[in-house]
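Visitor: Take a look and give me a structure for this.
(one chain, ligands or ions: 2)
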Amino acid sequence: MTARSRCAKIPPGVSGQGVVSLSSSLCQNVRGGTQLFAALLALVLLLGGVLWFNLAFVAASLLAAPYAGRVFCGWLCPLGAFLERLLPPVSRQRRFQRRPVLRYSLLVVFLVAFGYLFLRPVAGLPSSLLLMGTMFVMGTLTAWLWSPRAWCGHLCPWGTLADVLSSRARWRLAIAGDCRHCGACVRACPVGSLLAAAVKDRRRSALGLVGPGCVRCLRCQAVCPSGAIDFVRVVRAGGERVARTA
Ligand code: SF4
Ligand code: SF4
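Guide: Residues are numbered from 1 along each chain as shown. Ligands and ions are numbered 1, 2, ... in the order given. Presented below is the predicted three-dimensional model:
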C-alpha cells in the first residue's frame, strides 16, 4: 500500500482493529470538513459573544499534544484553517528562518499580556478578544511575508506550548522509507522550512524525523511519490531515544 492510497499506515505493533485506513484524498476532504466545522462554530460563538471558546480550543490543543502531536492545529484550529485555505494566493512562499529565541520570547510576552489584560481590561474589551485579534493580524502578516502557516509552525504561542508538550510523544512523523529527494513534500508543506532538514537527514542515511512545528496536516504524505513519509515509533534503547519503523 503506497502513501498515495491511504491517509496513515497502521502503526507497527498496533492492532489494525478499529484503526481506519483512508485514501489520501478522502483524508484531506475529511480534514477540510473538520476545519470548516470548527471555523463556523468559532464564528457563531464569536458573534454570539461566547468568547471563552478561545480558551477551550487552546485547552483542547494542549491536551491532545502529548498523545497526537499538534493534530488540533492541523485539523480544527480556525485561524490555521483561514491561513492555510485563503492566504496561499497572496503568500510570498519564502522560507522562514527558525529562531527559537524569538519563538519563546513571544510565548512569554503573550502569557504576560494575557495575564495583565485579564486583570486590567483595555477599553472594557475581554483579554481573549484582544489576543485573538492580535494573533489574527500577526498570522496574516506572517502568511503574506513567508509561507501560509509559518505563524503556526514558528511563532504561535499556543503552538510553541503544544510543541513542548508533544516533544516526548511516542509517534513521530518521519521520512522513513525510500526517499527520491524530489522535494515534493517540501513544496507541499504549508508551514514551510520543516521538511528540508528531514530530507537532508535522510540523504545522509539517518531517519529524517520531522521537527517541531508540524501541524499533522499530512499533505506531505499525500504528495510523496514513493510513500516514504510515515509515522515512526520513538523508543528508548541503550539510554537513548531512537526511532524505529517496526
Ligand atoms: S511536515 Fe507534513 S504533516 Fe507536518 S505540517 Fe508539513 S506537510 Fe503537514
Ligand atoms: S516527497 Fe517523498 S521522495 Fe520526494 S523528497 Fe519528500 S520524502 Fe523524498
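
Visitor: ok, Gly177 - contacts?
Guide: Ser226, Gly227, Ala228, Ile229, Asp230, Thr245 (Cβ atoms under 8 Å, 6 or more residues apart in numbering). C-beta coordinates here come from the backbone N, C-alpha and C atoms, glycine included.

Visitor: Give me the mean pLDDT for the longest helix belonging to the chain.
Guide: Counting by DSSP state H, the longest helix found in the chain is helix 24-47. Averaged across helix 24-47, pLDDT comes to 93.

Visitor: Pull the distance from it to the chain's centre.
Guide: The chain centroid and the centroid of helix 24-47 are separated by 15 Å, computed with Cα atoms, centre = their mean, to the nearest Å.

Visitor: hmm, the helix or strand that that helix is followed by touching ligand 1?
Guide: Per DSSP states H and E, the first helix or strand lying C-terminal to helix 24-47 is helix 53-68. No: for helix 53-68, no contact with ligand 1 is found by Cβ under 6 Å from any ligand atom; the gap never falls below 12.2 Å.

Visitor: List of residues touching helix 53-68?
Guide: 38, 41-42, 45-46, 70-73, 76-78, 128, 131-132, 158, 161-163, 165-166, 168-169, 216.

Visitor: how about that helix: buried residues?
Guide: By neighbour count on 16 or more other Cβ atoms under 10 Å, the buried set for helix 53-68 is Phe53, Asn54, Phe57, Val58, Ser61, Leu62, Ala64, Ala65.

Visitor: Looking at those, which one is closest to Asn29?
Guide: Of all those, Ala64 has the smallest distance to Asn29: 21.2 Å, by Cβ to Cβ.

Visitor: sorry, back to before: output the longest helix of the chain as PDB, nothing but the C-alphas.
Guide: The C-alpha trace of helix 24-47 is given here as PDB (Å, rounded to 0.1, in the frame of the first residue of the first chain):
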ATOM      1  CA  SER A  24      -5.200  10.400   1.000                       C
ATOM      2  CA  SER A  25      -7.800  12.400  -0.900                       C
ATOM      3  CA  LEU A  26     -10.500  11.300   1.500                       C
ATOM      4  CA  CYS A  27      -8.200  12.100   4.400                       C
ATOM      5  CA  GLN A  28      -7.800  15.700   3.100                       C
ATOM      6  CA  ASN A  29     -11.500  16.000   2.400                       C
ATOM      7  CA  VAL A  30     -12.300  15.000   6.000                       C
ATOM      8  CA  ARG A  31      -9.700  17.500   7.200                       C
ATOM      9  CA  GLY A  32     -11.300  20.200   5.100                       C
ATOM     10  CA  GLY A  33     -14.700  19.300   6.700                       C
ATOM     11  CA  THR A  34     -13.300  19.400  10.300                       C
ATOM     12  CA  GLN A  35     -11.600  22.700   9.600                       C
ATOM     13  CA  LEU A  36     -14.800  24.200   8.100                       C
ATOM     14  CA  PHE A  37     -16.900  22.900  11.000                       C
ATOM     15  CA  ALA A  38     -14.600  24.400  13.700                       C
ATOM     16  CA  ALA A  39     -14.300  27.700  11.800                       C
ATOM     17  CA  LEU A  40     -18.100  28.100  11.500                       C
ATOM     18  CA  LEU A  41     -18.500  27.100  15.200                       C
ATOM     19  CA  ALA A  42     -16.000  29.700  16.200                       C
ATOM     20  CA  LEU A  43     -17.700  32.400  14.100                       C
ATOM     21  CA  VAL A  44     -21.100  31.600  15.600                       C
ATOM     22  CA  LEU A  45     -19.700  31.700  19.100                       C
ATOM     23  CA  LEU A  46     -17.800  34.900  18.400                       C
ATOM     24  CA  LEU A  47     -20.900  36.600  17.000                       C
END
